[in-house]
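[1] Any chance you could fold what I've pasted below:
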Amino acid sequence: MASRTSPTVRRRRLASEMRRLRRESGKTREEAARFADIAPATVSRIEAAVHAPKVADIMALCKFYGLDDERTDVLVTLARQSRQRGWWHRYSGSIPEWFEVYVGLEEEAAEISDYASEFVPGLLQTEDYIKALFHASLRTWSEKEIEHRVALRLKRQERLVSNDPLKVWAVLNEAVIRRQVGGRNTMRKQLHHLAELSRLHHVNLVVLPFSVGAHPSMDGACTLLRFPEPADPDIVYIQYRLGSIYLEDPSDVDVYADVFDHLRSRALGPDESLALIAKVADDFS
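    Model (predicted):
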C-alpha cells in the first residue's frame, strides 16, 4: 500500500499528543508556555492544530513534560512533517483555509462516508457538473478562480483511481439525481458517470428514495472520514456556505456513524440504485 503523509493529519496527530502530554503532566497551558518562553495562546493553537508549530516550541514542551529523547524525536518528526506543504497548497489562493484543512484530511483518509442531500459529492462529479455548480453559486469568482477550483476538485478525484484508492460510501438523496444541474446533457453525463463509478470495487453508491420519508439526516449533508492509523481518530465534516465544522469528540462521531448506518439500511440496494440512476438519466435524454 502506498504511503501517504498529509501535513494536516500529522498536525492533528501532534495536537492530540501534546494535549494528552500536558494533561498527564498536570500542568496548565500557562505553565507550559512560561517554560517554553511562548505565549499561552501558542500552546492553545498547538493543541488545537490551528497552525503548524515551530520545531523549537515542540522540543521545549517535550522537555517540560519530561519526555526522553526517543519520544521527543517522534514528536519533532511530526512537527516537521506538519510544516510541509501538501500538493493542494498551490490552490491556496483560490480556496478558503478551512477547505484546505478538509483536503488535507481527505488526502490521507482510508474511507469516506458521504451523505449528499442536494448535489453529487465532489469526488464523484464530472467537470461540466462542477462548473455548473460554481456558476450557480452566486459567488463573485473570476473565471480564473473557477478554473483553479475545478482543477483542485478533479485532482482530488485521482485518489479514486490510484494504487491506494480511497474507499467511498455515498448515500445520495433522490433529489440529487433528479435536480438538474447545468444542461440536460450535463446532467445525463453526470448520472452515467455515477453508474460507471459504482462499478469500482471501492465505491459503494446507493440512493435514498423519496418514499423513505423522514430520516435522521434531514438537516443536511455530512461526511465521515476514517483513517488507516489508530492514532488518527475518525472525524465528521459538515460544510455550510461560509465555512465548516469538524467534530472529533468520539461521542459526536458515534452519533453520525449511527446516522450513516441508518441511511444505508433505508436506501435502495446497489442494483436498485443503479437501475434508478439509469432511468433518471434516460429522462434527461
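
[2] so who does V212 touch?
    Residues near V212 by C-beta atoms under 8 Å, 6 or more residues apart in numbering: R266, A267. To be clear about C-beta, it is placed using only N, CA and C from the backbone, and glycine gets the same treatment.

[3] how does it look with 6 Å?
    R266 (C-beta atoms under 6 Å, 6 or more residues apart in numbering).

[4] Count the neighbours of the closest residue to A231 other than its chain neighbours for me.
    Computed as C-beta to C-beta, 6 or more residues apart in numbering, the closest residue to A231 that is not its neighbour in sequence is R13, at 5.4 Å. By the criterion of other C-beta atoms under 10 Å, R13 has 21 neighbours.

[5] so R13, which of the three states?
    The three-state label given to R13 by DSSP: H, G, I helix; E, B strand; the rest coil is helix.

[6] my guess is it meets P230, correct?
    No - applying C-beta atoms under 6 Å as the test, R13 and P230 come out as separate, 10.6 Å apart.

[7] Just the helices from this protein, written as ranges.
    Here the chain has its helices, by DSSP state H, at 7-25, 29-36, 40-47, 55-64, 69-82, 97-108, 127-135, 143-156, 174-178, 184-197, 250-266, 270-283.

[8] right, so of these, which gets closest to P209?
    Set against P209 and scored by C-beta to C-beta, these come closest in helix 174-178, at 5.1 Å.

[9] Please identify the buried residues of that closest one?
    Under the neighbour-count criterion of 16 or more other C-beta atoms under 10 Å, helix 174-178 has E174, V176, I177 buried.

[10] what do you get for stretch 66-84?
    So for stretch 66-84, counting by 16+ other C-beta under 10 Å, buried means L67, T72, L75, V76, L78, A79, Q81, S82.

[11] count of residues packed around the nearest residue to V168 once chain neighbours are set aside?
    Leaving aside its sequence neighbours, V168 sits nearest to V203 (C-beta to C-beta, 6+ apart; 4.9 Å). When neighbours are defined as other C-beta under 10 Å, V203 has 19 of them.

[12] repeat for N185
    Using other C-beta under 10 Å, N185 is surrounded by 11 other residues.

[13] how close does it get to D219?
    According to C-beta to C-beta, to the nearest Å, N185 stands 33 Å off from D219.

[14] same thing with D252?
    For D252, the distance to D219 equals 14 Å [C-beta to C-beta].

[15] Show me the domain layout of the protein.
    Listed domain ranges for the chain are 7-82, 95-283 (source: automatic domain parsing).

[16] per-residue confidence for P7?
    Per-residue confidence (pLDDT) for P7: 89.

[17] I figured it hits H89, correct?
    No - with contact defined as C-beta under 6 Å, P7 does not reach H89; the gap is 8.8 Å.

[18] ok, the two, which is more surrounded?
    More crowded of P7 and H89, by other C-beta under 10 Å: P7, with 21 against 13.

[19] next one: phi and psi at Q84?
    With angles defined as degrees, to the nearest 10, Q84 sits at phi -70, psi 160.

[20] List the residues that contact the residue nearest to it when sequence neighbours are not counted.
    Distances taken as C-beta to C-beta, 6+ apart place P7 nearest to Q84, at 4.9 Å, with adjacent residues excluded. Residues near P7 by C-beta under 6 Å, 6+ apart: S82, Q84, G86.

[21] just to revisit the earlier point, go through the buried residues of helix 174-178 and name the one nearest G243.
    V176 (22.5 Å).

[22] Return the distance of that closest one relative to R226.
    Using C-beta to C-beta, V176 is found at 23 Å from R226.

[23] what's the answer for L21, then?
    Counting by C-beta to C-beta, the gap between L21 and R226 amounts to 25 Å.

[24] and what of S25?
    Using C-beta to C-beta, we find S25 at a distance of 30 Å from R226.

[25] what do you get for A32?
    Applying C-beta to C-beta, the value for A32 to R226 is 31 Å.

[26] A56 too?
    To R226, A56 is 34 Å away according to C-beta to C-beta.

[27] ditto for Q190
    Q190 sits 26 Å away from R226, taking C-beta to C-beta as the criterion.
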